[in-house]
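Undergrad: coordinates only, sequence not included:
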C-alpha cells in the first residue's frame, strides 16, 4: 500500500490525490481501549488512509509505563500515528520525542476526549476551556519533533463556548499540519446528532486539512458529512469496531476505486488474527480481557451465533474455544485456526 496519501496531505497543507478534486481521506479514529495495534494493522492493510493509536497518556508514556507503551506501539503499521493526551507541556514534549524516536510518522494531540476521567485532570476536551494553555501544549509538541503534528478537538466545551475555530487557527499558526473536529461539544458526549455543518467554519478559516468526525458510519454518511462540512476527509470510529475493514472500504469508494467487502471467510480470519494478536501483545490473561469488546462486536457482525454461544464466546478463557466460536459466528467452519 502507498503510504504517502495522508502524509502528503499533511506536508502539502492540502489533501493528496492530484488535480483540482483530490480524493477525500478516510481515517480510523482513535478509540481508547479499542484501536489497539492489531486493529490498526488490519484497518490499514484493508486500505484506511491512516489509523490512529488509542489515546496515550503522555506522562505515563514518558516514564515508560507498560500500558502506555503498548498503546503507542506501531510495529507492522506502515503509517504510524500516535495520539498523546496530557495537560503539562514538558511531559507532552517528551512523550512526543519518544514517540518519534519509536517510529511515529505523525503525532496527534488529544483535545477532544469528553471522558470525566480525562477532563477531570484538565486534559482532553477540558483544554478547550483554556485556549492559551492549549496553545502552549501544542507549541511544546510542535517544537519537540520533526514529524507532522495534528490535533483532534470538539466544537467546544458547551454550546455557549463553541471555540473550535479559535483553537484551530492557533494550531495552524503554530505550524500544525491538520485538525480533526468532532461535531459535538464536550457536554454532549456522544448524545444527539453530530453537527457536521458546524465544522465548516473551521474548514473555511484554515488552509491546512480539516478532518470531520462524529456519526460517520458508512459511505453514505461519509459523503453527507463531507458535503455538510467541506472537510478534506472523515474519521470513522465506533462503527469500525467489529468491522476494521470498513474504513478502507469507505476510503476506496471516496477515491473512486472498487470497495467490495471482504468475504465472510476473510472477515473470520481477520477476527481470529485480531484475537490472537491481542493475546500475543498483552499475554493470555490480559489479552482475553482486552479482547472481549472486540469479540462482542465481531459476534454481532458475523451474526450466526445463538445467544448461548455468544455468551460462551465472551466468557471463555480458552483461545481454542474462542477461535472456534468466531468461526461459527461468521459461518466459516473451515476457518484457519492458526491466526497470526
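TA: Nice, I can see it. This one's a predicted model, so the numbers in the text were calculated from it and none came from an experiment.
Undergrad: When you work out contacts or count neighbours from here on, use the C-alpha atoms and nothing else.
TA: Will do.
Undergrad: Buried residues in stretch 274-283, which are they?
TA: Within stretch 274-283, the residues scored as buried using 16 or more other CA atoms under 10 Å are 274, 275, 276, 277, 278, 279, 281, 282.
Undergrad: ugh, typo on my part, it should be stretch 107-122
TA: For stretch 107-122, by 16+ other CA under 10 Å, it's 107, 108, 109, 110, 111, 112, 113, 114, 118, 119, 122.
Undergrad: next one: stretch 199-210
TA: Buried residues in stretch 199-210, counted by 16+ other CA under 10 Å: 199, 200, 202, 203, 206, 208, 209, 210.
Undergrad: wait, is the third one part of a strand?
TA: No - if the criterion is DSSP: H, G, I helix; E, B strand; the rest coil, then residue 202 is helix and not within a strand.
Undergrad: In contact with it, which residues are there?
TA: Neighbour list for residue 202: 164, 165, 168, 210 [criterion: CA atoms under 8 Å, 6 or more residues apart in numbering].
Undergrad: And residue 258, by the same measure?
TA: Residue 258 makes contact with residue 252, according to CA under 8 Å, 6+ apart.
Undergrad: can we see that at 10 Å?
TA: Residue 258 sits next to 249, 250, 251, 252 when contact means CA atoms under 10 Å, 6 or more residues apart in numbering.
Undergrad: Test for you: state the pLDDT assigned to it.
TA: On the pLDDT scale, residue 258 is placed at 90.
Undergrad: got it, and residue 336?
TA: If you check residue 336, the pLDDT there is 44.
Undergrad: so residue 204 touches residue 230, yeah?
TA: Yes - using CA atoms under 10 Å, residue 204 is in contact with residue 230, at 8.3 Å.
Undergrad: Report the set of residues contacting both of these two.
TA: Common neighbours of residue 204 and residue 230 (CA under 10 Å, 6+ apart) are residue 210.
Undergrad: rewinding a little: neighbour-wise, which one of the contacts of residue 258 leads?
TA: Neighbour counts for the contacts of residue 258, by other CA atoms under 10 Å, peak at residue 250, which reaches 31 neighbours.
Undergrad: Can you tell me how far that residue is from residue 45?
TA: According to CA to CA, to the nearest Å, residue 250 stands 14 Å off from residue 45.
Undergrad: right, and the helix or strand after the longest strand seen in the chain?
TA: What stands out as the longest strand in the chain, according to DSSP state E, is strand 50-57. Using DSSP states H and E, the next helix or strand after strand 50-57 towards the C-terminus is helix 58-62.
Undergrad: follow-up on the earlier one: with pLDDT, secondary structure and distance to residue 316 as extra columns, can I get the buried residues of stretch 107-122 in TSV?
TA: As requested, the buried residues of stretch 107-122 are arranged in TSV below (pLDDT from 0 to 100; DSSP: H, G, I helix; E, B strand; the rest coil; distance: CA to CA, whole Å):
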residue	pLDDT	secondary structure	distance to residue 316
107	98	strand	37
108	98	strand	36
109	98	strand	37
110	97	strand	35
111	97	strand	37
112	93	coil	35
113	91	coil	32
114	91	coil	32
118	94	helix	32
119	90	helix	35
122	89	coil	38
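Undergrad: and which of the residues you listed is nearest residue 91?
TA: Closest to residue 91 out of the buried residues of stretch 107-122 is residue 109 (12.5 Å), distances taken as CA to CA.
Undergrad: Okay, and the residue lying closest to the closest one once chain neighbours are set aside sits in which element?
TA: Of all residues not flanking residue 109 in the chain, residue 151 sits nearest, at 4.6 Å (CA to CA, 6 or more residues apart in numbering). Assigned by DSSP H and E, residue 151 falls within strand 149-154.
Undergrad: Please compute how far that strand lies from its chain's middle.
TA: Computed by CA atoms, centre = their mean, to the nearest Å, the chain-centroid distance of strand 149-154 equals 12 Å.
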